[in-house]
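# The following block contains a protein sequence and its predicted model.
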Amino acid sequence: MKQNKTYAIFGLGRYGIAVAKELVDNGMEVIAIDTEQRIVNDAAAYLPVCKCADVTDAEVISRLGIGNIDTVIVCMASNLEASVMAVTLCKEAGVKSVVAKCANEMHQKILLRVGADQVVFPENESGIRLAKNLISSGFIDMISLSKDVSIVEIDVKEEWCGKNLIELNLRKKYGFNIVAIKKAEKVNVNINPEQVLDAETTLIVIANVAKLGKIK
């Protein structure tokens, strides 16, 4: 059984490098790809797997085995045509999750229409934050309070449904401090530990970053 998810980064500008380095630093398997050999050579100094390739070519996508990657992050916002082709080819290859960086709202609409599962604006979301959210599967969002501590929104897992916080004892199991419960866009900070959780409930917690990977 695969322990870590696998990631591919298309485009090694500052944003792509930030995402790739954060993923690698957290022990993830990452393949980093760019069309410029000089950029690939520079990135190879701190990224284990770097390739110089054209990700708008279907044969290249197939040869690199991109269809077996869990998540692809397309970081080529300055080239909409290339981003559209890369997203389309990844989805056709069977990639489950494709995240694309975009330059504006119009590009966002186009990328979502051709199959991107998530589109991010670089001015609104740093590469490091995106990487942490990707690593923390099931987390809706994460805001760093310090190097070690973050505020995280967590979807209620299927196995948690029908149980209350006392039964789950999440603080003991994961070291979480639950600060609020959100449901139907309403946030309640007066937490009732006997409240039964369901799939439409979100927990807002303060957590140690090192323990986030325990949530599966």
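Received the coordinates, thanks.
# Confidence-wise, which helix or strand of this protein is lowest on average?
Lowest on mean pLDDT, DSSP states H and E among the helices and strands of the chain sits strand 139-144, with a mean of 49.
# Next secondary structure element downstream of that one?
Sequence-wise, the next helix or strand downstream of strand 139-144 (DSSP states H and E) is strand 149-155.
# And the average pLDDT for that next one is what?
For strand 149-155, mean pLDDT is 75.
# What strands line up against that strand, and which way round?
Its sheet considered, strand 149-155 pairs with strand 139-144 (antiparallel), strand 201-208 (antiparallel) by DSSP bridges.
# what's the helix or strand for the residue of the chain most remote from its centre?
Distance from the centre of the chain peaks at residue 194, with 31.9 Å (CA atoms, centre = their mean). For residue 194, there is no host helix or strand (DSSP H and E).
# Residue 32 now?
Assigned by DSSP H and E, residue 32 belongs to strand 29-34.
# Need the single longest helix in this protein, by residues.
Assignment by DSSP state H gives helix 80-93 as the longest helix of the chain.
# got the buried residues for that helix?
Residues of helix 80-93 classed as buried under the neighbour-count rule (16 or more other CB atoms under 10 Å) are 80, 82, 83, 84, 85, 86, 87, 88, 89, 90, 91, 93. All C-beta atoms are positioned from the backbone trio N, CA, C, and that covers glycine.
# which one of those residues sits closest to residue 175?
Nearest to residue 175 among the buried residues of helix 80-93, counting by CB to CB, is residue 90 at 35.7 Å.
# Surely the closest one touches residue 73?
No - if you go by CB atoms under 8 Å, residue 90 and residue 73 don't touch, sitting 10.1 Å apart.
# and for those two, which residues touch both?
Common contact partners of residue 90 and residue 73 (CB atoms under 8 Å, 6 or more residues apart in numbering): residue 98.
# Next one: residue 70 relative to residue 42, how far apart?
Noted for residue 70: a distance of 26 Å to residue 42, by CB to CB, to the nearest Å.
# now residue 170
From residue 170 over to residue 42 the distance is 43 Å, taken as CB to CB.
# Compare neighbour counts for these two and give me the winner.
Per other CB atoms under 10 Å, whichever of residue 170 and residue 42 has more neighbours is residue 170, with 18 against 15.
# residue boundaries of the strands in this structure?
Here the chain has its strands, by DSSP state E, at 6-10, 29-34, 50-52, 71-74, 97-101, 118-120, 139-144, 149-155, 177-183, 186-188, 201-208.
# what's the closest of those to residue 163?
strand 201-208 (11.2 Å).
# avg pLDDT for the closest one?
What strand 201-208 shows for mean pLDDT is 80.
# Export only the CA atoms of it, formatted as PDB.
Extracted as PDB, the C-alpha positions of strand 201-208 are listed here (Å, rounded to 0.1, in the frame of the first residue of the first chain):
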ATOM      1  CA  THR A 201     -19.900  19.400   9.800                       C
ATOM      2  CA  THR A 202     -16.500  21.100   9.700                       C
ATOM      3  CA  LEU A 203     -14.100  21.200  12.700                       C
ATOM      4  CA  ILE A 204     -11.900  24.300  13.100                       C
ATOM      5  CA  VAL A 205      -8.900  23.300  15.200                       C
ATOM      6  CA  ILE A 206      -5.500  24.500  16.300                       C
ATOM      7  CA  ALA A 207      -2.900  21.800  15.500                       C
ATOM      8  CA  ASN A 208       0.800  21.100  15.600                       C
END
